[in-house]
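>>> Sequence plus predicted model, see below.
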Amino acid sequence: MTAAGGPARLSRRGLLGGGAAAAGVAGAFAAGRLTAPETTPVAGPVASYPFHGERQAGIVTPAQDRLHFVALDVTTDDRDELVALLKAWTEAAARMTNGESAGPVGAVDGPGNVPPDDTGEALDLPPSGLTITFGFGQGLFVDADGKDRFGIADRRPEALEQLPRFSADVLDPARSDGDICIQACADDPQVAVHAIRNLVRIGFGTTAVRWSQLGFGRTSTTSTSQSTPRNLFGFKDGTANIKAEETAALDEHVWVGAEDDPRAGWLAGGSYLVTRRINMTIEVWDRQPLESQEQFVGRTKGSGAPLSGGEEFTEPDFAMSGSNGPIIPTDAHVRVVHPDANDGVRILRRGYNFVDGSNDVGGLDAGLFFIAYLRDPRTHFIPLQRAMSRNDALMEYLRFTGQALFAVPPGVAEGEYVGQALFA
Ligand SMILES: C=CC1=C(C)c2cc3[nH]c(cc4nc(cc5[nH]c(cc1n2)c(C)c5CCC(=O)O)C(CCC(=O)O)=C4C)c(C)c3C=C
Ligand SMILES: [Fe+2]
């Protein structure tokens, strides 16, 4: 398999859409925010992303179209068993992201009298841009009884605590938390599901699935090479997201710094991952006039431009007046969560649309599975969610039905296993 289409391999011309756009992007970097390329080139089909590297793949990797996310509880108290599992998962993840079977024998080439070491549904499928990203929850460090099962309680990152409750939270414990999470993203749903299924299979006896979530359409961009997708409200989502090319912003807002937390040095270069399962009352939303929908968001539904004018990547002008007060209302989502209103804070969003059948009132159980990577949940998530709770017009159409927080260790070098520094 060849690695192709990843950010480093896109030509500068392909990334920036020509010289004029390049100048524009350079200016935007200088201003601290990224503006659009003049044209938005689409990266070619991606063969594979290597599992090993300085950072885990699946964070700044161009967001793939499909997601299978699982949270697991560790059922053993034995540190050696946990470490053995992390080693086995590392090997299997490296193989699968390379388009190989989960185990070295494969789905059909082993002896007939034992179960195969791969389940087989991805036979003949390409790697499809599969990335597998691991995170550790609070319960891995101290379990519900306050027990330090694996001798790592003193290495728990200070910020890895239970998230507070927010308004519109109707959290289902069966869709929240977990000791370990695995995020599999791919451009083929079968490849993402195959990855999670096999990792869960390998963990049988050591871990148990707590909850999982499928996502069918990305709701963000994480690279300037991508076009902006739409969420289930029909709006472009991901326009102002941090992009892989914004390395200074990633260092400031996404990657945990070496000095951030003296007792959790193992997390330096990693990140925090927040998930929120957000049900959207789409049937009610669909009855709102177009102009109201646009006022709730603060952007136009067609182009995604701010209501203050311009094009999709034009910065909103929050000072501009309309006939009835500010043209971008004070409770518009993009105003409430904008860095200008939140001490300059930015986050890397990597969420997905979901529809999990229908609900008990004949509507769709649909929404946005919010995933964000950020440097510290205390500065980069809790205040944002609180601001939304207080004063965001979108809140009337949202119900938060699950949430979790994980510490995501940095990348894995060849010959190492994921999270190795935590157990060293
Ligand atoms: C706590 C953080 C956020 C939650 C929860 C959240 C939910 C949520 N958002 C949309 C739709 C859009 N969000 C947009 C931008 C945007 N959203 C957040 C944060 C949360 N959103 C941020 C930080 C930003 C970027 C703000 C900026 O820097 O300008 C947009 C506009 C397009 C874009 O920039 O991506 C839309 C549309 C929904 C539907 C939703 C819950 C279901
Ligand atoms: Fe948002």
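On my side now, so go ahead. Ligands and ions are numbered 1, 2, ... in the order given.

>>> Helix, strand, or coil at Ala71?
Three-state assignment for Ala71 (DSSP: H, G, I helix; E, B strand; the rest coil): strand.

>>> Within its local environment, how many residues does Gly363 see?
Gly363 is flanked by 13 other residues according to other C-beta atoms under 10 Å. C-beta coordinates here come from the backbone N, C-alpha and C atoms, glycine included.

>>> How much space separates it from ligand 1?
15 Å (C-beta to the nearest ligand atom, to the nearest Å).

>>> cool, Arg276 as well?
Counting by C-beta to the nearest ligand atom, the gap from Arg276 to ligand 1 is 6 Å.

>>> can I assume that residue sits in a helix?
No. When classified by three-state DSSP, Arg276 is found to be strand rather than part of a helix.

>>> Got phi/psi on the closest residue to it other than its chain neighbours?
Closest residue in space to Arg276, ignoring its immediate chain neighbours: Phe370 at 4.1 Å, by C-beta to C-beta, 6 or more residues apart in numbering. In terms of degrees, to the nearest 10, the main-chain angles of Phe370 are phi -80, psi 130.

>>> I'd guessed Gly217 sits against Tyr352; true?
Yes. In this structure, Gly217 sits in contact with Tyr352. The criterion is C-beta atoms under 8 Å, and the distance is 6.4 Å.

>>> residue ranges for the strands of the stretch 201-350 of the chain, please.
For the stretch 201-350 of the chain, strands defined by DSSP state E, counting those that start in this stretch occupy the ranges 207-215, 217-218, 271-280, 321-322, 325-326, 348-349.

>>> Against which helices or strands is the first one packed?
The one in question is strand 207-215. Strand 207-215 makes packing contacts with strand 66-74, helix 189-203, strand 352-358 when contacts are defined by 3 or more C-beta pairs under 8 Å, 6 or more residues apart in numbering; DSSP states H and E.

>>> Restricting to C-alpha, output the longest helix anywhere in the chain in PDB.
Among the elements of the chain assigned as helix by DSSP state H, the one spanning the most residues is helix 79-97. As requested, the backbone C-alpha atoms of helix 79-97 are provided in PDB (Å, rounded to 0.1, in the frame of the first residue of the first chain):
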ATOM      1  CA  ARG A  79      -1.600  -4.500  34.900                       C
ATOM      2  CA  ASP A  80       0.300  -7.100  32.800                       C
ATOM      3  CA  GLU A  81      -2.900  -8.100  31.000                       C
ATOM      4  CA  LEU A  82      -3.700  -4.500  30.200                       C
ATOM      5  CA  VAL A  83      -0.200  -3.900  28.900                       C
ATOM      6  CA  ALA A  84      -0.400  -7.100  26.800                       C
ATOM      7  CA  LEU A  85      -3.700  -5.900  25.400                       C
ATOM      8  CA  LEU A  86      -2.200  -2.500  24.400                       C
ATOM      9  CA  LYS A  87       0.600  -4.300  22.700                       C
ATOM     10  CA  ALA A  88      -1.800  -6.600  20.800                       C
ATOM     11  CA  TRP A  89      -4.000  -3.600  19.800                       C
ATOM     12  CA  THR A  90      -0.900  -1.700  18.600                       C
ATOM     13  CA  GLU A  91       0.100  -4.500  16.300                       C
ATOM     14  CA  ALA A  92      -3.400  -5.100  15.000                       C
ATOM     15  CA  ALA A  93      -4.000  -1.300  14.400                       C
ATOM     16  CA  ALA A  94      -0.700  -1.000  12.500                       C
ATOM     17  CA  ARG A  95      -1.700  -3.900  10.300                       C
ATOM     18  CA  MET A  96      -5.200  -2.800   9.600                       C
ATOM     19  CA  THR A  97      -4.400   0.800   8.800                       C
END
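
>>> Could you look up the SS state of Arg386?
Assigned state for Arg386: helix (three-state reduction, three-state DSSP).

>>> should've said Asp154
Asp154 ends up helix, using three-state DSSP.

>>> Pull the number of nearby residues for it.
Summarising burial for Asp154: neighbours were counted as other C-beta under 10 Å, giving 9.

>>> surely it meets Ala264?
No. Judged on C-beta under 8 Å, Asp154 makes no contact with Ala264 at a distance of 9.6 Å.

>>> anything in contact with each of the two?
Taking C-beta atoms under 8 Å, 6 or more residues apart in numbering as the criterion, Asp154 and Ala264 do not both touch any residue.

>>> So which bits of the protein are right by ligand 1?
With C-beta under 6 Å from any ligand atom as the criterion, the chain meets ligand 1 at residues 231, 233, 235-241, 276, 278, 280, 297, 299, 333-334, 337-339, 347, 367-368, 370, 384-385, 388, 394, 398.

>>> try it again with 5 Å
231, 235, 237-240, 278, 297, 337-338, 368, 384-385 (C-beta under 5 Å from any ligand atom).

>>> re the thing from before, what about the strands of the stretch 201-350 of the chain, which gets the closest to Asp356?
strand 207-215 (7.7 Å; C-beta to C-beta).

>>> Other residues contacting the following helix or strand past the longest helix of the chain?
Note on helix 79-97: by DSSP states H and E, the next helix or strand toward the C-terminus is strand 131-136. Surrounding strand 131-136, the residues in contact under the criterion C-beta under 8 Å, 6+ apart are 49, 51, 56-59, 61, 64, 89, 93, 96-97, 160, 179-186, 195, 199, 273, 406-409, 418-419, 422.

>>> Show the contacting residues for Glu312.
With contacts defined as C-beta under 8 Å, 6+ apart, Glu312 is in contact with Ala36, Thr228, Lys236, Thr239, Ser303, Gly304, Ala305.

>>> between those, which is closest to Thr221?
For the contacts of Glu312, with Thr221 as the reference and C-beta to C-beta as the criterion, the closest is Thr228, at 5.6 Å.

>>> Tally up the residues packed near the closest one, please.
Based on other C-beta under 10 Å, the number of other residues close to Thr228 is 21.

>>> Likewise for Phe216?
Neighbour count of Phe216, defined by other C-beta under 10 Å: 13.
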